[in-house]
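In: need the 3D shape of this:
(one chain, ligands or ions: 1)
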Amino acid sequence: MSIEALEKAIEIVGGQSALGRLIDRDQKAIWAWINTTQKVPAEDVLKIEAAVDGKVNRYELRPDVYPKPTPMDKMRVVGGVKLNGNIKISGAKNAALKHMCASLLTDEPFILENMPVSLRDVAMLSQILEPLGVDITADKETAIVKLHAKEIKSHIAPYEFVRKMRASILVLGPLLARHHKAEVSLPGGCALGARPVDLHLKGLEAMGAMINLEGGYVKATAPDGGLKGADINFPLVSVGATENLMMAATLAKGETVLRNAAREPEIVDQGEALIKMGAKIEGLGTSEIRITGVKKLHGTTHSVIPDRIETGTYMCAVGLCGGELRLQNTRLDFLSALIAPLKEAGMIIEQEGDDIVVKRNQAKIKGVDIMTEAYPGLATDLQAQFMTMLTLCDGAGMISETIFENRFMHVPELVRMGANITVKGNSAIIRGVDGLKGAQVMATDLRASVAMVLAGLVAEGETIINRIYHLDRGYENIVEKLTAVGAQIERIK
Ligand code: EPZ
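Out: Here you go, the predicted structure:
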């Protein structure tokens, strides 16, 4: 294997890595971190040469380490079938990504089981972590990912990657805690609105970090001797800030108290993994988390919790299309706030061992009202799917979105397919219609994209979903999973 050209290396980081512009075999430019120290099987290595500071360096790059050209594939869905059969639920994306960041906290191997290995977000975060010094091996067959940050080799997470995935701000806390300095690009706004990270930064400052914003980067240094415990009262509940500060506090001196902390199952899962690594954490799952810093964390093995949002998505799909699905390897207790309105709408949902059986045994679901809230309230990440389900309800339902300012992007697309939806501020009224009609649609975030897939499953005729890039970020093998339960769905180039 060889690569046509490396146009220019633009930055050297710690003498080990360079940020260069690569041209792949299709002549598409891709930005990539190139890590000279990576150990990879010879047959998988892409060899390239780069002139850096007038000196020619040889680099080796494993194919899955560099970003492949953005797939602008489309999805074709032909609607009208009921869904029947089994779907195996993957490990939770929003827990997996945080665990990966936590690998920076220890110089010993951290082994994660039940990982959603083929998600694009997992690959993308790997690209950020590897240059920082995390050796990562991922096995799709066993769903096991091994992360080993023996030594921190760089403390910079560049804009090129952070802009694509906000979750990469979560390397900030661990880097500061273990390495005492970090430089992470500010993620900026996103399709869901402004989404600031002020709570992350204020919390770290309270722990003694010096933080400067320069050139779009957060440049942070810990005080001499490392971060110090602090009493932090969040003005609003933030999943990411709770996680970032909990990780940072594990290696800080003294006790940190996080008040008005987020209580999501993914945070509890992360905390439990950190405890296995030697962290001292109390109050997980409550709004007051107490962390007593320790000198060092060690390696461990942890199995990632099932993805409650993927589970809820397939439940809404049954509500919309009818049929009966057995969702395997997942948990009902994470979804109480969804189950109540689904049952009120007329669905039957039961936990059977590690599976959830969900069915709709009436012609139409009833219209119900929901409001998104921080956990244990109904997840904003299920709002678009629930709304899609309501498009065919008997009567009407109202949805209030209280977490993000701009999370109704799916509405105009659903309306184009024949839905009757009126939006007023952060609320939407969905009046049930008799049917949806297939159309060309596009979505700009992960959950809005999957809502288009659900709409396509029930719409008359063909629905073409453009820009399915987002789906690959968060839904493992969605085409295979839905095909196995009767859906007519395919990827088209
Ligand atoms: C996490 O985002 C999830 N992402 C999101 O899932 C999810 O929608 C969200 O939590 C809410 O549940 C990951 O876990 C990777 P927040 P996060 O901090 O942590 C405001 C998906 O589809 N805020 O809880 O970024 C913020 O603007 C994704 O999988 C501040 O004002 O969410 C928002 O309005 C999308 N300042 C609210 O708080 C801050 O410093 C909640 O955001 C931080 C947040």
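
In: my read: Thr242 touches Gln270, true?
Out: No - using CB atoms under 8 Å, Thr242 is not in contact with Gln270, being 9.3 Å away. All C-beta atoms are positioned from the backbone trio N, CA, C, and that covers glycine.

In: settle it for me: which of those two has more neighbours?
Out: For the pair Thr242 and Gln270, the greater number of neighbours falls to Gln270 (29 against 26), based on other CB atoms under 10 Å.

In: so Arg178 sits in a strand?
Out: No - counting by DSSP: H, G, I helix; E, B strand; the rest coil, Arg178 falls outside a strand, being helix.

In: quick one, what contacts the closest residue to the ligand within the chain?
Out: Closest approach between the chain and the ligand, counting by CB to the nearest ligand atom: Gly240, at 2.8 Å. Gly240 makes contact with Arg166, Ala167, Ile169, Leu170, Val197, His200, according to CB atoms under 8 Å, 6 or more residues apart in numbering.

In: so which of those are in helices?
Out: When helices are assigned by DSSP state H, the members of these inside them are His200.

In: which ones among the contacts of Gly240 also lie next to the ligand?
Out: Among the contacts of Gly240, proximity to the ligand is found for Arg166, Ala167, Val197, His200 (CB under 6 Å from any ligand atom).

In: what about the last one, neighbour count?
Out: Put plainly, it is His200. A count of nearby residues for His200, using other CB under 10 Å, gives 24.

In: just confirm it contacts Ala241, I think it does.
Out: Yes - His200 lies in contact with Ala241 (CB under 8 Å); the separation is 4.8 Å.

In: rewinding a little: I'd like the ones next to the ligand among the contacts of Gly240 as JSON lines, with pLDDT appended.
Out: Below are the ones next to the ligand among the contacts of Gly240 laid out as JSON lines (pLDDT from 0 to 100):
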{"residue": "Arg166", "pLDDT": "87"}
{"residue": "Ala167", "pLDDT": "91"}
{"residue": "Val197", "pLDDT": "92"}
{"residue": "His200", "pLDDT": "97"}
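
In: now for those residues, which sits with the most neighbours around it?
Out: His200 (24 neighbours).

In: report the contact partners of that residue.
Out: His200 neighbours (CB under 8 Å, 6+ apart): Ile169, Leu172, Gly173, Ser238, Gly240, Ala241, Asn244, Leu245.

In: report the separation between it and Phe404.
Out: His200 sits 17 Å away from Phe404, going by CB to CB, to the nearest Å.

In: which residues are in contact with the nearest residue to Leu251 once chain neighbours are set aside?
Out: On the basis of CB to CB, 6 or more residues apart in numbering, the spatially nearest residue to Leu251 that is not a chain neighbour turns out to be Ala177, at 4.0 Å. Under the criterion of CB under 8 Å, 6+ apart, the contact partners of Ala177 comprise Leu105, Ala222, Gly226, Leu227, Met247, Ala248, Ala249, Thr250, Leu251, Ala252.

In: if you set the cut-off to 10 Å instead, what comes out?
Out: 104-105, 204, 207, 209, 222, 226-227, 244-245, 247-252, 293, 297 (CB atoms under 10 Å, 6 or more residues apart in numbering).

In: ditto for Leu338
Out: Listed by CB under 10 Å, 6+ apart, the contact set of Leu338 reads 308-309, 311-312, 315-316, 332, 349, 370, 378-379, 382, 385-386.

In: narrow those residues to those in helices?
Out: Using DSSP H, the subset of the contacts of Leu338 located in helices is Arg308, Ile309, Thr311, Gly312, Met315, Cys316, Gln385, Phe386.

In: for stretch 428-441, buried residues please.
Out: Ala428, Ile429, Ile430, Gly432, Leu436, Lys437, Gly438, Ala439, Val441 (16 or more other CB atoms under 10 Å).

In: the last one falls within a helix, correct?
Out: Right, the one you point to is Val441. No - using three-state DSSP, the secondary structure at Val441 is strand, not a helix.

In: so it touches Leu454, yeah?
Out: No - Val441 is not in contact with Leu454 according to CB atoms under 10 Å; the separation is 11.4 Å.

In: what do these two both touch?
Out: Taking CB under 10 Å, 6+ apart as the contact rule, Val441 and Leu454 both touch Val77, His410, Leu414.

In: just the ones in strands from those, please.
Out: Among the shared contacts of Val441 and Leu454, the ones falling in strands (DSSP state E) are Val77.

In: and which of the shared contacts of Val441 and Leu454 is nearest to Glu490?
Out: The shortest approach to Glu490 among these belongs to Val77, at 8.2 Å (CB to CB).

In: leaving out sequence neighbours, find the closest residue to the closest one.
Out: Nearest in space to Val77, with sequence neighbours left out and distances taken as CB to CB, 6+ apart, is Gly456 at 3.1 Å.

In: how about Gln383?
Out: Here the nearest residue to Gln383 in space, its sequence neighbours aside, is Thr372; by CB to CB, 6+ apart that works out to 5.1 Å.

In: was I right about that neighbour contacting Ile399?
Out: Yes - in this structure Thr372 lies within contact range of Ile399 using CB under 10 Å: 7.7 Å.

In: Leu251 touches Leu297, doesn't it?
Out: Yes - the criterion here is CB under 10 Å, and Leu251 meets it with Leu297 at 6.9 Å.

In: rewinding a little: surely the residue of the chain closest to the ligand is in a helix?
Out: Yes - counting by three-state DSSP, Gly240 is part of a helix.

In: before we move on, back to that, shared neighbours of Thr242 and Gln270, anything?
Out: Here Thr242 and Gln270 share the contacting residues Glu264, scored by CB under 10 Å, 6+ apart.

In: residue contacts, Leu170?
Out: Applying CB under 10 Å, 6+ apart as the definition, the contact partners of Leu170 turn out to be 97-98, 100-102, 104, 125, 128, 157, 184, 197, 200, 240-241, 243-244, 247, 270.

In: measure it to Val268 for me?
Out: Computed as CB to CB, the Leu170 to Val268 distance reads 16 Å.

In: ok so, going back, can you list the contacts of Gly240 in TSV and add distance to Ile136?
Out: Formatted as TSV, the entries for the contacts of Gly240 read as follows, by distance: CB to CB, whole Å:
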residue	distance to Ile136
Arg166	20
Ala167	16
Ile169	19
Leu170	16
Val197	25
His200	24
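
In: what's the pLDDT at Arg25?
Out: The model reports Arg25 with a pLDDT of 36.

In: wait, Pro41
Out: Confidence at Pro41, expressed as pLDDT, is 38.

In: got the residues of the stretch 201-350 of the chain near the ligand?
Out: Applying CB under 6 Å from any ligand atom, we find that the stretch 201-350 of the chain lies next to the ligand at Leu236, Ser238, Val239, Gly240, Ala241.

In: for the first one, helix, strand, or coil?
Out: So that's Leu236. Here Leu236 is recorded as coil under three-state DSSP.

In: Ser427: what's it in contact with?
Out: Applying CB under 10 Å, 6+ apart as the definition, the contact partners of Ser427 turn out to be Asp369, Met371, Met398, Ile399, Ser400, Glu401, Thr402, Phe408.

In: err, Gly397, not the other one
Out: For Gly397, the contacting residues are 341, 345, 365-370, 386-387, 389-391, 428-432, by CB under 10 Å, 6+ apart.

In: between Thr372 and Ile399, which contacts overlap?
Out: Contact with both Thr372 and Ile399 is made by residues Leu378, Gln383, Phe386, Arg407, Asn426, according to CB under 10 Å, 6+ apart.
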